[in-house]
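> coords please:
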Amino acid sequence: TSRAAFEHRAVVVGQDVGQALAGLEALAAGEASPDVVSGVAGDVGPGPVLVFPGQGSQWVGMGAQLLDESPVFAARIAECERALSPYVDWSLTEVLRGNGDA
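Numbering: from 1, shown residues only. Below is the predicted model:
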């Protein structure tokens, strides 16, 4: 609730400062760059948002650890998996655990 909701969005990635600065310069100039992804936010309205922990570099495996250590978290993930199952061909639990091709 405290962040501004800008219509235009962009992400610049780089392995070092030089690459990141080059991406920022390309973005500012409106030029295409393999290090820049940009777009316009769509109007999706209110609704549920699902954020699954532990799939990024901030804490690898956090979701799997929570599944093992928190019965409340595991129960809610099971509910989410059941709700998603008619729409996806993958298992949320398997994704969080990093199993197979999930």
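> where does the protein dip in pLDDT?
Within the chain, the stretches with pLDDT under 70 are 1, 44-60, 102.
> can you pull out the helices in this protein?
Secondary structure of the chain by DSSP state H: the helices cover 17-29, 62-69, 71-84, 92-97.
> Pick the most buried one from those.
With neighbours defined by mean count of other CB atoms under 10 Å, none of the helices of the chain is more surrounded on average than helix 92-97, at a mean of 18. Any C-beta I mention is one placed from the backbone N, CA and C, and that applies to glycine too.
> what packs against it?
Packing contacts for helix 92-97, counted by 3 or more CB pairs under 8 Å, 6 or more residues apart in numbering; DSSP states H and E, involve helix 62-69, helix 71-84.
> just the CA coordinates of that helix, formatted as CSV?
The C-alpha coordinates for helix 92-97 follow below in CSV (Å, rounded to 0.1, in the frame of the first residue of the first chain):
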residue,chain,number,x,y,z
LEU,A,92,2.4,-26.9,-6.4
THR,A,93,4.0,-29.1,-3.7
GLU,A,94,6.4,-30.6,-6.2
VAL,A,95,7.4,-27.2,-7.5
LEU,A,96,8.1,-25.9,-3.9
ARG,A,97,10.1,-29.1,-3.2
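> what's the offset of it from the middle of its chain?
Computed by CA atoms, centre = their mean, to the nearest Å, the chain-centroid distance of helix 92-97 equals 14 Å.
> Make 34 the first number, not 1, from now on.
Yes, from this point I'll number from 34; that puts the last item at helix 125-130.
> one step back: which one, of the helices and strands packed on helix 125-130, ends up nearest to Asn132?
helix 95-102 (9.1 Å; CB to CB).
> so what does the closest one touch, helix or strand wise?
In terms of contacts (3+ CB pairs under 8 Å, 6+ apart), helix 95-102 is packed against helix 104-117, helix 125-130.
> Make a markdown table out of these and add distance to Glu40.
Output for the helices and strands packed on helix 95-102, formatted as a markdown table (distance: least, CB to CB, whole Å):
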| stretch | distance to Glu40 |
| --- | --- |
| helix 104-117 | 29 |
| helix 125-130 | 31 |
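> Just tell me which of those ends up closest to Glu64.
helix 125-130 (35.6 Å).
> got a list of what Gly75 touches?
Residues near Gly75 by CB atoms under 8 Å, 6 or more residues apart in numbering: none.
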